[in-house]
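J.: Got a sequence here, can you build the structure:
(2 chains)
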There are 2 protein chains.
Amino acid sequence: MTIVITAFERSPDGGRGLARDTRVRWALEEVGQPYEVRGVQFAALKEPAHLALNPFGSIPTFEEDGLALFESGSIVLHIAQRHPGLLPDDPHARARAITWMFAALNTVEPPILERANARLLEGDKPWSHDRIPIVEDRVRDQLRKLSARLGETDWLDGAFSAGDLMMVSVLLRIKTSGLLEAFPNLAAYVARGEARPAYQRAFADQLAFNTRP
Amino acid sequence: MTIVITAFERSPDGGRGLARDTRVRWALEEVGQPYEVRGVQFAALKEPAHLALNPFGSIPTFEEDGLALFESGSIVLHIAQRHPGLLPDDPHARARAITWMFAALNTVEPPILERANARLLEGDKPWSHDRIPIVEDRVRDQLRKLSARLGETDWLDGAFSAGDLMMVSVLLRIKTSGLLEAFPNLAAYVARGEARPAYQRAFADQLAFNTRP
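T.: Here you go, the predicted structure:
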């Protein structure tokens, strides 16, 4: 059965790889599973056909053999649990790797999302100038704790895992913010993720998709 | 092996059940696993002993048989995968239930967290009055979509699952906000979750813990 994922017909980031289909593409490349991509126009995100796949009207979705999933975290976990390459075999190490997925999505990403909202949705508000530094302090606070835990290791807990895939993906959202530079080990960690051949293929494919004629 | 979780020595909510140990207590009650609770003083959250368990310095953590986990989402998933009662047996239904856990934590909870930050951390800022309605619109937007998907069903996808446990837990954070009232099916959904005997036991236990002499 062919795996089919959805992506924006044209990502608002123009192919910088920040739309969440990149996380799923990366996971599929790590485990060597081929897939097809169906582009969804913005207007179609709110139509019944897409809402049946994702009730929140966003991308990505994942379809295979009668199963339909949404939420990039859930999709990456599903891929990681079904194919070798993204989770350790040892049950304890496996549970810890999954913990890092949740830490990426529920502890590190929320202040990063808040910063994105402050800039994109409230950038024209009178409080924007005074408030963005406050929000960035919240991001920095999590980066500081993550940096302390990572230390001088390559990945968060032993070999590269779905936890690292998700954490690097979340940190890529602030790659150009200047916030990572204060934590050289985190900047190097993100660069290490980006250097993986599977990420390179995923990035190239989403760029080609978003810049196709 | 005894399961040990951590909770705030005294939760800042005074026992309203909003600290995240309640989610884990609820899951353990649903699957009938006994556990012990270790209270952590606020000052101790930043000490090496606790940071070794949770590098972000928060609660809950989970320890059993040499395994240490953090992130309530990861802990609830771990419990649900190891004990019957919180995930369906059918692999597709199981993957969909896990998708709802991620939807609760990464799609519905972020604007709810943003609202909490706006009130608790920025309530004294000059922009607070004008900004809170904007943030509440973000919450409402997700509630509207969730309400549309839930419709008149009892739970999000068939029988009660870890996905519902997590979604109800997230929605409980806005129980007294007035935001749920516009969506009677969501208010009823939350009440249905709260009425479960396992939730009742978890709530009573955290209340007793937080109000002990």
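
J.: Now the spatially most central residue of chain A. Nearest residue, chain neighbours left out?
T.: Centroid check for chain A by CA atoms, centre = their mean gives A:Ser169 as the closest residue, at 3.8 Å. Leaving out its chain neighbours, the residue that sits closest to A:Ser169 by CB to CB, 6 or more residues apart in numbering or on different chains is A:Arg23, at 4.6 Å. The way it works is simple: take the backbone N, C-alpha and C, and place the C-beta from them, glycine included.

J.: Would you mind confirming that that neighbour makes contact with A:Met167?
T.: No. Counting by CB atoms under 8 Å, A:Arg23 sits too far from A:Met167 to count as a contact (10.8 Å).

J.: Need the three-state assignment for the residue nearest to A:Ser169.
T.: helix (DSSP: H, G, I helix; E, B strand; the rest coil).

J.: dump the residue contacts of it.
T.: A:60, A:72, A:75-76, A:165-166, A:169 (CB atoms under 8 Å, 6 or more residues apart in numbering or on different chains).

J.: try 10 Å this time
T.: A:17, A:60, A:72-73, A:75-76, A:104-105, A:162, A:165-166, A:168-170, A:172, A:202 (CB atoms under 10 Å, 6 or more residues apart in numbering or on different chains).

J.: that older thread, chain B versus the residue nearest to the centre of chain A, what's the distance?
T.: Distance, A:Ser169 to chain B, using CB to the nearest CB, to the nearest Å: 12 Å.

J.: swap in A:Val40?
T.: In terms of CB to the nearest CB, A:Val40 sits 16 Å off from chain B.

J.: List the contacts of that residue.
T.: Contacts of A:Val40 (CB under 10 Å, 6+ apart): A:6-9, A:47, A:49-50, A:53-54, A:57-61.

J.: could you dump the longest helix that chain A contains to PDB, C-alpha only?
T.: Ranked by residue count and defined by DSSP state H, the top helix of chain A is helix A:128-150. Provided in PDB are the C-alpha atoms of helix A:128-150 (Å, rounded to 0.1, in the frame of the first residue of the first chain):
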ATOM      1  CA  SER A 128       4.500  44.100  19.900                       C
ATOM      2  CA  HIS A 129       7.800  45.900  20.500                       C
ATOM      3  CA  ASP A 130       7.600  45.500  24.300                       C
ATOM      4  CA  ARG A 131       6.200  42.100  24.400                       C
ATOM      5  CA  ILE A 132       8.400  40.100  21.900                       C
ATOM      6  CA  PRO A 133      11.400  40.200  24.300                       C
ATOM      7  CA  ILE A 134       9.300  38.700  27.100                       C
ATOM      8  CA  VAL A 135       8.200  35.900  24.800                       C
ATOM      9  CA  GLU A 136      11.700  35.300  23.700                       C
ATOM     10  CA  ASP A 137      12.800  35.000  27.300                       C
ATOM     11  CA  ARG A 138      10.400  32.100  27.600                       C
ATOM     12  CA  VAL A 139      12.000  30.500  24.600                       C
ATOM     13  CA  ARG A 140      15.400  31.100  26.000                       C
ATOM     14  CA  ASP A 141      14.400  29.500  29.300                       C
ATOM     15  CA  GLN A 142      13.600  26.200  27.600                       C
ATOM     16  CA  LEU A 143      16.700  26.400  25.400                       C
ATOM     17  CA  ARG A 144      18.900  26.900  28.500                       C
ATOM     18  CA  LYS A 145      17.500  23.700  30.100                       C
ATOM     19  CA  LEU A 146      17.700  21.700  26.900                       C
ATOM     20  CA  SER A 147      21.300  22.900  26.400                       C
ATOM     21  CA  ALA A 148      22.200  21.800  29.900                       C
ATOM     22  CA  ARG A 149      20.800  18.400  29.400                       C
ATOM     23  CA  LEU A 150      22.300  17.800  25.900                       C
END
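
J.: Show me the strands in chain A, by range?
T.: A:3-8, A:35-40, A:61-64, A:67-70 (DSSP state E).

J.: all helices for chain A, in order.
T.: A:21-31, A:48-53, A:72-82, A:91-102, A:109-120, A:128-150, A:162-172, A:184-194, A:197-210.

J.: Show me what the helix or strand of chain A with the lowest mean pLDDT is packed against.
T.: Ranking every helix and strand in chain A by mean pLDDT, DSSP states H and E puts helix A:109-120 at the bottom, with a mean of 95. Using 3 or more CB pairs under 10 Å, 6 or more residues apart in numbering or on different chains; DSSP states H and E, the elements in contact with helix A:109-120 are helix A:128-150, helix A:162-172, helix B:109-120, helix B:128-150.

J.: Contacts only, for A:Phe102.
T.: Contact partners of A:Phe102, counting by CB under 10 Å, 6+ apart, are A:73, A:77, A:163, A:166, B:69-77, B:101-102, B:105-106.

J.: Mind doing that once more with 7 Å?
T.: Residues counted as contacts of A:Phe102 (CB atoms under 7 Å, 6 or more residues apart in numbering or on different chains) are B:71, B:73-74.

J.: which of the residues in stretch A:47-55 are buried?
T.: Neighbour-count burial for stretch A:47-55, counted by 16 or more other CB atoms under 10 Å in any protein chain shown, picks out A:50-51, A:53-55.
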